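Q: predicted model follows, preceded by the sequence.
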Amino acid sequence: MIRFLRRLWTEWTIAITFLRDGRAQTAMIMVGIAVGVAVIVFVSALIGGLQSNIIARTLGTQAHIRLLSPDEVNIVLRPAPGTLQLLQEDKRAQRLRSINNWQSITAALDGLPLLTAVSPVVSGPAFARRGEALESVALVGIDVERYQRIIPLRDYIHAGQLRVGGGDAMIGRQLADKLGLRVGDKLRLETGQQNNAVVNIAAVFELGVRELDARYVYLDLKQAQALLNLPGGVTVIDVTVEDIFSADKIARQIERLTSLKTESWMETNAQLMSALTSQSLSTNMIKVFVAISVAFGIASVLSVSVVQRTREIGIMRATGATQQQILRVFLIQGGVLGLLGSIIGVAVSYTLVWGFYTCGPGLFHIPVAQSLVVMSVALATLTGVLAAAIPSRRAARLDPVVAIRYV
Amino acid sequence: MSDSQQVLRLEALRKSYNVGLPNETEVLHGIDLVIGRHDFAALIGPSGSGKSTLLNIIGLLDKPSEGELYLLEQPTSTMDDDARTALRGSAIGFVFQFHHLIQAFTAIDNILMPLMLKQGKPDRAAVERARSLLAAVGLEKFARTPPNQLSGGQQQRVAIARALVTEPALLLADEPTGNLDTHTAAEIFELFRQFNREFGCAVLLVTHDLRLSAACDRTINLVDGQLVGDALNENRVLTS
């Protein structure tokens, strides 16, 4: 191995000398590679930043997976063999009901390492009344400690303090505006089940989603249970997961485990998912085509270089260079072009990101991940070596007798 | 001449071009030739007689169509390209008419090139040897000069030093003084003489300068692909 490296020194030296000798040519292809790599790195970072921003905003106000009671269905007896059964069935109305055995399910889910938070919630419809004004709202009874890990409510508090229980409630800003409520005011909640309550507004929150800000009323779990006439029950278990893109898979697992109905964020945001997927597809296509054009650039420059150096290749062959050595001289040139060009390209892409922050709208964070940088440089170097393969083989196979007479 | 004193032996060597095609032409028609360890021979002949073809075959750059070539008593017809390259690198030094230096490298690096290709990064001994050869050809001051800043004669001296750096058994020169003025040509010829004497390497000079061939120890005459004369020279004087 050491002997091989010692011998490789020669090919390395010749390759570098040739690159330095053809300075203008080397500089031009380096610029070409640098631009290509800069485009790839910048576009990847930009789209990556944009997508994670969109996802963060979407998932900031919802659980990754929601667990619900399975739908109630009519139980139809199977007809006796040989008889034809005609059936007209009306689907059953889904009444609000608790998840059976939710305490032990919650405890079981708490033990799953794939999940980062589990929060039982009781939720149902109600009216909020202030004087003559009536608004339909969704009551959400929560355990603040647990729920905070699903949706960081503290970050969304617009006014007041994060507090439920003891007759306290938190309402959205839209609802507060509509009913003219402020922190400290009283609000009457009616559920149409003779369970009405007057609550104290402890906080006004702003999730940034109009629908939620107009409808959500956060209460203590117990108070919501009482209002919705579900003593001791919960209707939903909210769950967050470590890897958001495996939410679908994990939802299926939980479904098998608990036989509850599950909804992952990927299902509820199917349109967003397909937008993100097609966006990734188009950026990947841009990346592939830029990489291909960079590869062809390297290959064509080295092809020209092989022609220019034909006589020198002949001289080296006459003075003892093997075909493998000539091959390696040109492969190394391809690799070095890819390596240096991509390092310059990464520097350029950092400049572009900086320019984007300084001059552009700067709406979201563009993370240039180290792995992206390392991958780009490694791939560009590999591309350089691969692109050099064809010209290198031609150089290695030159007939020394012909090559040496080449003018 | 016993085997151990031979550096090169050709047996019934033939070379054809365009083999199998209608325009197949044979340019060497069965050459038998022996070059001894310390020979200083000239290969002469008119243009198109096959001198360069023969030289390329002897230098293992080209392969004969038929016959066998023994270099340092090793038959070469069955060797693969790597083995031929290795033997060429260790046993043969080339000097070409147009000196053929690599312009991107300095004079000393050009001289070191055969050693670099053979053993990798040159060690101190290799660099010492290259320096002493550069001094021997009178160019010690030009070690770091790129070839294109040297005169034609100086470049040819560098090429000779490069040919000798591997201590080859056989030095092949193809019209080495072909594009030099007579004075410089005489100096270059003297260098070949000197190295033949000092290092004991056999020299085979291809030339059509009859004054040059007359100054060699032996003249081999090739006409139309056949050896028509092989004689030792009586009074070897090079008049410039």
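A: Everything's here; your move. Residues are numbered from 1 along each chain as shown, chains lettered A, B, ... in the order given.
Q: for the residue nearest to B:Glu24 when sequence neighbours are not counted, grab phi and psi.
A: Nearest in space to B:Glu24, with sequence neighbours left out and distances taken as C-beta to C-beta, 6 or more residues apart in numbering or on different chains, is B:Asn18 at 4.9 Å. Glycine gets a C-beta too; all of them are placed from N, C-alpha and C. Main-chain torsions, B:Asn18, degrees, to the nearest 10: phi 60, psi 50.
Q: how far away is B:Asn18 from chain A?
A: 14 Å (C-beta to the nearest C-beta, to the nearest Å).
Q: number of residues surrounding that residue?
A: Other residues within reach of B:Asn18 by the criterion other C-beta atoms under 10 Å in any protein chain shown amount to 9.
Q: which stretches of the stretch 251-400 of chain A have low pLDDT?
A: For the stretch 251-400 of chain A, applying pLDDT under 70 flags the ranges A:362.
Q: can you pull the contacts of the closest residue to chain A within chain B?
A: In chain B, the residue that lies nearest chain A is B:Gly89 (2.6 Å; C-beta to the nearest C-beta). By C-beta atoms under 8 Å, 6 or more residues apart in numbering or on different chains, the contact list for B:Gly89 reads A:Thr319, A:Gly320, B:Pro114, B:Leu117, B:Lys118, B:Thr166.
Q: go again using 6 Å as the cut-off
A: Contact analysis of B:Gly89 by C-beta atoms under 6 Å, 6 or more residues apart in numbering or on different chains lists A:Gly320, B:Lys118.
Q: what is the subsequent helix or strand relative to the strand or helix carrying it?
A: According to DSSP states H and E, B:Gly89 maps onto helix B:81-91. As assigned by DSSP H and E, the chain's next helix or strand after helix B:81-91 is strand B:92-95.
Q: that next one - what's its average pLDDT?
A: Mean per-residue pLDDT for strand B:92-95: 87.
Q: repeat for stretch B:5-13
A: Average pLDDT, stretch B:5-13: 85.
Q: convert the C-alpha atoms of it to PDB, please.
A: Taking C-alpha atoms only, stretch B:5-13 is exported to PDB below (Å, rounded to 0.1, in the frame of the first residue of the first chain):
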ATOM      1  CA  GLN B   5      28.200  -9.900 -24.100                       C
ATOM      2  CA  GLN B   6      25.100  -9.200 -26.200                       C
ATOM      3  CA  VAL B   7      22.700  -6.500 -25.300                       C
ATOM      4  CA  LEU B   8      20.400  -7.100 -28.300                       C
ATOM      5  CA  ARG B   9      19.800  -9.900 -30.800                       C
ATOM      6  CA  LEU B  10      17.300  -9.800 -33.600                       C
ATOM      7  CA  GLU B  11      16.400 -13.000 -35.400                       C
ATOM      8  CA  ALA B  12      14.600 -13.000 -38.700                       C
ATOM      9  CA  LEU B  13      12.700 -10.000 -37.800                       C
END
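Q: quick one: buried residues of it?
A: By neighbour count on 16 or more other C-beta atoms under 10 Å in any protein chain shown, the buried set for stretch B:5-13 is B:Gln6, B:Val7, B:Leu8, B:Arg9, B:Leu10, B:Glu11, B:Leu13.
Q: might you report the residue contacts of the residue of chain A found nearest chain B?
A: Per C-beta to the nearest C-beta, the residue of chain A with the smallest distance to chain B is A:Gly320, at 2.6 Å. Counting by C-beta under 6 Å, 6+ apart, A:Gly320 touches B:Gly89, B:Pro114, B:Leu117, B:Lys118.
Q: ok, and the most crowded of these?
A: Ranked by neighbours (other C-beta under 10 Å), the contacts of A:Gly320 are led by B:Pro114, which has 28 neighbours.
Q: re earlier: let me have the contacts of A:Gly320 in CSV, adding secondary structure as columns.
A: Formatted as CSV, the contacts of A:Gly320 follow (DSSP: H, G, I helix; E, B strand; the rest coil):
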residue, secondary structure
B:Gly89, helix
B:Pro114, helix
B:Leu117, helix
B:Lys118, helix
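Q: from these, pick the one nearest A:Asp71.
A: Using C-beta to C-beta, B:Leu117 comes nearest to A:Asp71 of the contacts of A:Gly320, at 79.1 Å.
Q: distance from the centroid: which residue in chain A tops it?
A: Largest separation from the mean C-alpha position in chain A: A:Arg405, at 59.6 Å (C-alpha atoms, centre = their mean).
Q: any idea how far the longest helix anywhere in chain B is from the middle of the chain?
A: Selection of the longest helix in chain B by residue count, based on DSSP state H, yields helix B:182-198. Distance of helix B:182-198 from the chain centroid (C-alpha atoms, centre = their mean, to the nearest Å) equals 14 Å.
Q: can you check stretch B:116-136 too?
A: 20 Å.
Q: give me the buried stretch members for it, please.
A: Across stretch B:116-136, burial judged by 16+ other C-beta under 10 Å covers B:116-122, B:126, B:129-131, B:133-134, B:136.
Q: what sits closest to the spatially most central residue of chain A if chain neighbours are left out?
A: Against the mean C-alpha coordinate of chain A, by C-alpha atoms, centre = their mean, the closest residue is A:Ser52 at 5.0 Å. Spatial nearest neighbour of A:Ser52, chain neighbours left out: A:Pro367 (7.7 Å); criterion: C-beta to C-beta, 6+ apart.
Q: verify the assumption that that neighbour is located in a helix.
A: No - read with three-state DSSP, A:Pro367 is coil and lies in no helix.
Q: count of neighbours near it?
A: 12.
Q: against A:Asp243, how distant is it?
A: Look at A:Pro367 and A:Asp243: by C-beta to C-beta, to the nearest Å, they are 17 Å apart.
Q: then B:Ile111?
A: Applying C-beta to C-beta to B:Ile111 and A:Asp243 gives a distance of 62 Å.
Q: ranges for the strands of the chain?
A: No chain specified, so I'll use chain A. Shown for chain A, the strands assigned by DSSP state E span residues A:65-68, A:115-130, A:133-142, A:157-160, A:168-172, A:186-190, A:197-205, A:216-220, A:236-241, A:261-264.
Q: sorry, I should have been clearer: chain B.
A: Ranges of strands within chain B are B:6-17, B:25-36, B:40-44, B:66-71, B:74-75, B:92-95, B:170-174, B:202-206, B:218-223, B:226-232, based on DSSP E.
Q: with distance to A:Leu257 added, can I get these in CSV?
A: Listed next are the strands of chain B as CSV, based on distance: least, C-beta to C-beta, whole Å:
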stretch, distance to A:Leu257
strand B:6-17, 80
strand B:25-36, 85
strand B:40-44, 91
strand B:66-71, 79
strand B:74-75, 77
strand B:92-95, 79
strand B:170-174, 83
strand B:202-206, 88
strand B:218-223, 92
strand B:226-232, 94
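Q: out of the ones you listed, indicate the one that is most buried.
A: Using mean count of other C-beta atoms under 10 Å in any protein chain shown, the stretch among the strands of chain B with the greatest mean number of neighbours is strand B:92-95 (a mean of 28).
Q: wait, isn't A:Val183 in contact with A:Gly160?
A: Yes - counting by C-beta atoms under 6 Å, A:Val183 touches A:Gly160, with 3.8 Å between them.
Q: and A:Ser342, which of the strands of chain A is closest to it?
A: Minimum separation from A:Ser342 across the strands of chain A (C-beta to C-beta) falls at strand A:236-241, 35.1 Å.
Q: restrict the closest one to CA atoms and write it as CSV.
A: Written as CSV, here are the backbone C-alpha positions of strand A:236-241 (Å, rounded to 0.1, in the frame of the first residue of the first chain):
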residue,chain,number,x,y,z
VAL,A,236,-58.4,11.9,21.0
ILE,A,237,-54.9,10.9,21.8
ASP,A,238,-52.4,13.3,20.2
VAL,A,239,-48.9,11.9,19.4
THR,A,240,-45.7,13.4,18.1
VAL,A,241,-42.9,11.3,16.5
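Q: got the angle between it and strand A:133-142?
A: Here strand A:236-241 runs at an angle of 60 degrees relative to strand A:133-142 (axes from the mean of the first three to the mean of the last three C-alpha atoms, to 10 degrees).
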